[in-house]
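Engineer: the amino acid sequence is not available; the structure is as follows:
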C-alpha cells in the first residue's frame, strides 16, 4: 500500500505557481482561455484545466467578479478486452493528466479582425485591462489569425459548412462552432495513462470542443463543452477489440470563492450537479451579487448506431437518423467526496496498484471499495446512483450538511454505461453553468434557471444546424492584417517591387525618403480597398545609397494600434 499523490492543497498551490510562471504565453500556446463572457476557463492541449483569472481569484466565473471551480477535467473508464492485461482501465484529467497531445491547441473568434482584443489580452496574460499594451493585443491577434488559417476542420474540429459539401474548405467554410463568438478545440490520446491511475493505455483519442456566447443575460454565465471519444485501439489491439460498460465523468474540485465552506448537490430532473456556499451570506461575496453557485449539466448523452431510420440522435451538432441514445437520462450518477473521507475515493488511503479499479467502481455508482453508499445520502434508480438529490432551497430530501460539515468537496457527474467497438465514436455535451443570486439558496434557483436555458440554447443551435438555418457571414477575401514587406530585389539597380497588405479599406500613403528624411518619391497617395498590393519603384536619377520607404494608413477602425509590425523599411540602390 502506498499513497498515490501528494496532499491536495500542495497540488493546488503547485498548479497555481506553474500557471503563473510558465512560458506558455507565446505563439501556439500550450494553454489558452475561454474568456468571451463571465466564464473564463483555462484548458491545456492535453485536457488539463486551470480555472484562474488573476492572482486573487481562482474559479470559472471571473473578470474580477468571483471564483467557482478550482480544477476540473473529463475522466473515462471501462472494461477493455484487447488481449492485454489490466482489463479495467481509467484515464483522463484530474489534478494531473494522463494524456498526450495529438495536435496543438486552437482558438478562434470570427470577429478577430475588427474586435477590440483588450479583454482577450488581459485574460490571457493575467493583467488588468488598463495594463494591456499594443504588443499584447498584437500577439493575441496573430494567434487568432494563425488558428483561423490552420483550423483542423478535416480532423474533426467543428465548422460552419458554408458550401454544404460536408468537407472542410478553409477558403469558404467558417472555423469554430457555427454562430459561436469563441471556440477552443483540442485533441489528445491516453498514451500517458500510467501517470494518472496506474492504468494501461486504452487507445482512446479524445477531442474536446469549448464554446460560449457573449450575449447579455443568461448566456453570459454558460460555457459549453463537447467531449468526443474515438476508440482507435493500441498497436497490439486486434480487430475484435472492444470496451464494455464504458463511462464518461465530468470531475471537478469546486471552490465557491474558498474551499472551506462548500456544499454540493444534484438535480436529477436537470441532469445537474452543483456546488454552493454553505453560508447564507459570505464575506467572499462581491457586489453587485451576494452569492454564486456553479455546476455542470449533461445536455447530451452517448448514442449508438442502430441503422434504424425510426431512431434519431444528435451527432456532430445535428440530428441524424439511424442513431439512438444509449440511455434516456444523460446523467446516470452524481457522486461526491471530500478530502480524508469517502463516500467515494479517499485519495489519501487508496492503493496505487488498484487506483483504476477503485475509480471505476465510483463511476459505477458504488464506493471505491465496491460497497454501496449509505441510504442517508444516496438515491438509487434504474439509471444509477445519485448522492444528495434533495432540494436545499426548500430544505427537503437528502441534502449536504445533514451528513458532514461544510468544507472542501469533489464532484463527479457521470454518463454511462455504453459499449464501444474498435473505431466507434461516442460524444457527450456538457454545460458549465453559474448562478448569481442574493444569497446562497437564491443562487441555486438562478443556477437551475440557467441550466434550463443552457439546454434550450444548445438544442436551438442543433436545430439551426440540422435545418441549415445558420448563414455563413461574409468573409473578407483580403489578408488578415496590415503588412509592409521588404522590397525585392534588395539591393537593386534599376527597379524594385514593394508590396503591402490591407485587410480592410484605408487611405494609404507610401513614400520613399533619403537618409536625411527628404521626400524622394510618393508611390501611393489614395484610398485602397482590402487586398494585396505591389508597387514598382524606379531608381532612375538616384545616387547609390540607403533609402527609406514608409507606409501610413488611416481608416475608421484604427487597426494600426493593434499592429506591432514595422511600418518603414530600408532599400539599397547600387549603381
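Structural biologist: Noted; the coordinates are in hand. Keep in mind that what you see is a predicted model, and the values were worked out from it rather than measured.

Engineer: closest to the centroid, which residue in the protein?
Structural biologist: residue 210 (3.9 Å; C-alpha atoms, centre = their mean).

Engineer: partners of that one in the sheet?
Structural biologist: When bridges are called by DSSP bridges, residue 210 pairs up with residue 184, residue 225.

Engineer: so it makes contact with residue 223?
Structural biologist: Yes. At 6.5 Å, residue 210 counts as touching residue 223 under the criterion of C-beta atoms under 8 Å. For glycine as for every other residue, the C-beta is placed from the backbone atoms N, C-alpha and C.

Engineer: overlap of the contact sets of these two?
Structural biologist: Listed as contacting both residue 210 and residue 223 by C-beta atoms under 8 Å, 6 or more residues apart in numbering are 34, 41.

Engineer: going along the chain, name the helices of the stretch 101-250 of the chain.
Structural biologist: For the stretch 101-250 of the chain, helices defined by DSSP state H, counting those that start in this stretch occupy the ranges 118-125, 134-149, 194-197.

Engineer: could those helices be laid out in JSON lines, adding mean neighbour count, mean pLDDT and distance to residue 359?
Structural biologist: Shown next, in JSON lines, are the helices of the stretch 101-250 of the chain (neighbours: other C-beta atoms under 10 Å; pLDDT from 0 to 100; distance: least, C-beta to C-beta, whole Å):
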{"stretch": "helix 118-125", "mean neighbour count": "21", "mean pLDDT": "90", "distance to residue 359": "33"}
{"stretch": "helix 134-149", "mean neighbour count": "19", "mean pLDDT": "92", "distance to residue 359": "34"}
{"stretch": "helix 194-197", "mean neighbour count": "20", "mean pLDDT": "88", "distance to residue 359": "6"}
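
Engineer: among the ones you listed, which is nearest residue 393?
Structural biologist: Among the helices of the stretch 101-250 of the chain, the nearest to residue 393 by C-beta to C-beta is helix 118-125 (32.9 Å).

Engineer: helices and strands around the closest one, which ones?
Structural biologist: If you count contacts as 3 or more C-beta pairs under 8 Å, 6 or more residues apart in numbering; DSSP states H and E, helix 118-125 packs onto strand 31-34, helix 134-149.

Engineer: in three-state terms, label residue 470 for me.
Structural biologist: Following DSSP: H, G, I helix; E, B strand; the rest coil, residue 470 is assigned to coil.

Engineer: so what pLDDT did it get?
Structural biologist: On pLDDT, residue 470 comes in at 80.

Engineer: any idea how far it lies from residue 176?
Structural biologist: Separation of residue 470 from residue 176 (C-beta to C-beta, to the nearest Å): 12 Å.

Engineer: mind listing the strands for the stretch 51-200 of the chain?
Structural biologist: For the stretch 51-200 of the chain, the strands defined by DSSP state E, counting those that start in this stretch occupy 69-81, 88-92, 100-101, 106-108, 159-160, 174-175, 182-189.

Engineer: and of those strands, who's closest to residue 327?
Structural biologist: The minimum distance between residue 327 and the strands of the stretch 51-200 of the chain falls on strand 69-81, with 15.1 Å, by C-beta to C-beta.

Engineer: the closest one: partners in the sheet, and parallel or antiparallel?
Structural biologist: Counting by DSSP bridges, strand 69-81 is paired with strand 88-92 (antiparallel), strand 242-254 (antiparallel).

Engineer: could you check the angle the strand or helix carrying residue 418 makes with strand 242-254?
Structural biologist: Residue 418 belongs to strand 410-421 when assigned by DSSP states H and E. Using axes from the mean of the first three to the mean of the last three C-alpha atoms, to 10 degrees, the direction of strand 410-421 lies 160 degrees away from that of strand 242-254.

Engineer: packing partners for strand 410-421?
Structural biologist: strand 69-81, strand 222-231, strand 242-254, strand 272-277, strand 291-300, strand 333-337, helix 355-363, strand 425-437.

Engineer: against residue 226, how distant is the residue lying closest to residue 77 once chain neighbours are set aside?
Structural biologist: For residue 77, ignoring the flanking residues on the chain, the nearest one in space by C-beta to C-beta, 6 or more residues apart in numbering is residue 90 at 3.5 Å. Per C-beta to C-beta, residue 90 is found 21 Å from residue 226.

Engineer: got it, and residue 465?
Structural biologist: 13 Å.

Engineer: now for these two: what residues contact both?
Structural biologist: Both residue 465 and residue 226 are in contact with residue 317, where contact means C-beta under 8 Å, 6+ apart.

Engineer: just checking, next helix/strand downstream of the longest helix belonging to the chain?
Structural biologist: Ranked by residue count and defined by DSSP state H, the top helix of the chain is helix 440-466. Next in sequence after helix 440-466, counting helices and strands by DSSP H and E, comes strand 483-484.

Engineer: average model confidence for that following strand?
Structural biologist: Mean per-residue pLDDT for strand 483-484: 82.

Engineer: what lines up beside that strand in the sheet?
Structural biologist: Checking strand 483-484 against DSSP bridges gives partners strand 495-502 (antiparallel).

Engineer: centre of the chain to the helix or strand just after the partner strand, how far?
Structural biologist: Sequence order places strand 506-513 as the next helix or strand after strand 495-502, per DSSP H and E. The gap between the average C-alpha position of strand 506-513 and the chain average comes to 42 Å, counting by C-alpha atoms, centre = their mean, to the nearest Å.

Engineer: spit out the contact partners of residue 244.
Structural biologist: 78-79, 81, 417, 419.

Engineer: then residue 396?
Structural biologist: Taking C-beta under 8 Å, 6+ apart, we find residue 396 in contact with residue 390.

Engineer: could you check how far residue 92 is from residue 459?
Structural biologist: 26 Å.

Engineer: and the two? Which one has more around it.
Structural biologist: Comparing residue 92 with residue 459 by other C-beta atoms under 10 Å, the one with more neighbours is residue 92, at 28 against 16.

Engineer: what about the nearest residue to residue 68 once chain neighbours are set aside, neighbour count?
Structural biologist: Nearest residue to residue 68, sequence neighbours excluded (C-beta to C-beta, 6+ apart): residue 294, at 3.7 Å. By other C-beta under 10 Å, the residues close to residue 294 number 29.

Engineer: mind checking how far residue 294 is from residue 392?
Structural biologist: Residue 294 is 14 Å from residue 392, by C-beta to C-beta.

Engineer: closest one to residue 411 among the strands of the stretch 51-200 of the chain?
Structural biologist: Taking the strands of the stretch 51-200 of the chain one by one with C-beta to C-beta, strand 69-81 is closest: 8.9 Å.

Engineer: that'll do, ta.
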